[in-house]
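>>> Quick one, what's the 3D model for this:
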Amino acid sequence: MYEKNGAKYFVVDSHMHFWNAGPDNWVPGAEQYAKGWIECFHAYQSLGPQETHWTIEKFMSYTEDDLMKDVFEDGYVDVAVFQPTYLKEWYADGFNTTEKNAGLGEKHPGKFVHNTRFDPRDGDNGLAELKANIDRYGSIGVKLYTAEWNNGSRGYKLSDPAAYKFLEKAQEWGIKNVHVHKGPTIWPLDKDAFDVSDIDHAATDFPELNFIVEHVGLPRIEDFCFMATQEPNVYAGLSVVIGGLMHARPHFFAKVMGELLFWVGEDKMTFGSDYGIWEPKWQIEGFVDWEFPDAPEFADYPRLGVEGKKKILGLNAARLYDIKVPDELQLPSATPAAQDDAKLVTQ
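Residues are numbered from 1 along each chain as shown. Reported below is the predicted structural model:
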C-alpha cells in the first residue's frame, strides 16, 4: 500500500518478471541474441532515475531477495502479476518462465498471481502445456509475445487460425485475461510483429476475454487508442508508459496519458512496473504526484484525480483478477454501485 496526503492506494503491479538472462542460460550458437536481448533491456533501464540503475551483471540475474525488497518492501506493491516470456530460442531454461515465477510465488503465498503463456506455433504440445499450467497454477491470465522467434518463424498474429484455436481453448479452460506485448521493440525482434491490428480482430471475436495491451502499442499510440475505444474488452497496460516516459520524456508522457485518458479512460488502464527493468517505488511515487503541465496543448485532455490514480494503480487490475481489496482501500462509491446493480438485476 502507498499513502500520500491521507489517500491510501492499493497497488497491483500487473506486469513484472523474474528472469535469468546470465551466460549460464544462453543457448550455444545463439549467444549473440541472448546477450543482445538483455543488453537492449538494460538500455531501457537508463530511462529511469540515475540512482535506480543497476549494473548489467545484476540486471542479468537479480535475486529473489532483490525482487522481494524492491517490489514489496520498498515498492509499495500489495499483489504482483507475473508475466512469463520464454525465449527458448536463446535461453536454454527459458528467460522468464511460468515454473520459475510460480516457484517464487509458492514461497510467498498471497503476493503473486501466476500467469502462464502460450505460443500457437507449438501446436498440440503447446495446448497440452497450457492446460497443464492452468491446472497446476490456477492461472486465469496469459502473456503473449507475438514477436517471439520460434523454429524459424519470427512472429505470429492473434488473428491467425492457430491463435484462435488457442484462445478458444484458453477461454474454455478458465483464462479471462490476455496480456499481449505490443510496444517498443527489443533487439533482434521485428518491429512489425508488435503492430496492434490483430488485437482488433481477436477482441471482437472473443468478447468474454479481456485483452490488456502492454505498452499500449508504443510508438503507435493513435492506432491503439482508436482501436481500444471501440473495443470494450481492450485495456491499456501502462508498463513502459510510466517507467520509460514519465522521468525521461515528461512532455511526451503527458501527451500519451492525455490520449489514453481521452479515448480509453481511467477505468481501462492498469499499472505495471515492468520489473526488473524498472523498480516500482519511484514510478508509484511519481505517478501519484503527477499532474498535466500547465500548457495550452494539454488543456483539452481529461484531468486525472486521486480516484482515477487509485483505479490505475491497483483497483482496475484487482477487478480483472478477482483480487480481494480491503474495504478501507476501496473507492467510496464501489460498494453502493454494486448494490444498486444487484437490485436492478433482481427486480
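
>>> From now on I want contacts and neighbour counts done on CA atoms only, so please keep to that.
Noted.

>>> List of residues touching stretch 96-108?
17-20, 64, 82-86, 111-117, 133, 137 (C-alpha atoms under 8 Å, 6 or more residues apart in numbering).

>>> Tell me the buried residues in that stretch?
Neighbour counts over stretch 96-108 (16 or more other C-alpha atoms under 10 Å) mark 96-102, 104-105 as buried.

>>> tell me the contacts of residue 129?
Contacts of residue 129 (C-alpha under 8 Å, 6+ apart): none.

>>> so what pLDDT did it get?
We have a pLDDT of 97 for residue 129.

>>> Now name the helix or strand holding it.
helix 123-137 (DSSP states H and E).

>>> Helix or strand next in line after that helix, which one?
Heading C-terminal from helix 123-137 (DSSP H and E), you reach strand 141-144.

>>> buried sites along that following strand?
Quick answer for strand 141-144 (16+ other C-alpha under 10 Å): 141-144.

>>> Let's have the buried residues of stretch 96-108 in TSV, adding secondary structure, distance to residue 309 and pLDDT.
What follows is the buried residues of stretch 96-108, written out as TSV (DSSP: H, G, I helix; E, B strand; the rest coil; distance: C-alpha to C-alpha, whole Å; pLDDT from 0 to 100):
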residue	secondary structure	distance to residue 309	pLDDT
96	strand	29	95
97	coil	31	96
98	helix	30	97
99	helix	32	96
100	helix	31	95
101	helix	28	95
102	helix	29	94
104	helix	29	95
105	helix	27	94
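
>>> Mark which of the contacts of stretch 96-108 are buried, thanks.
By 16+ other C-alpha under 10 Å, these give 17-20, 82-86, 111-117, 133, 137 as buried.

>>> For the helix holding residue 129, which residues meet the burial criterion?
126-127, 130-131, 133-134, 137.

>>> before we move on, what about stretch 163-181?
163-164, 166-167, 170-171, 175-181.

>>> Check the gap between residue 289 and residue 5 for me.
Distance of residue 289 to residue 5, given as C-alpha to C-alpha, to the nearest Å: 10 Å.

>>> higher neighbour count, those two?
residue 289 (11 against 5; other C-alpha atoms under 10 Å).
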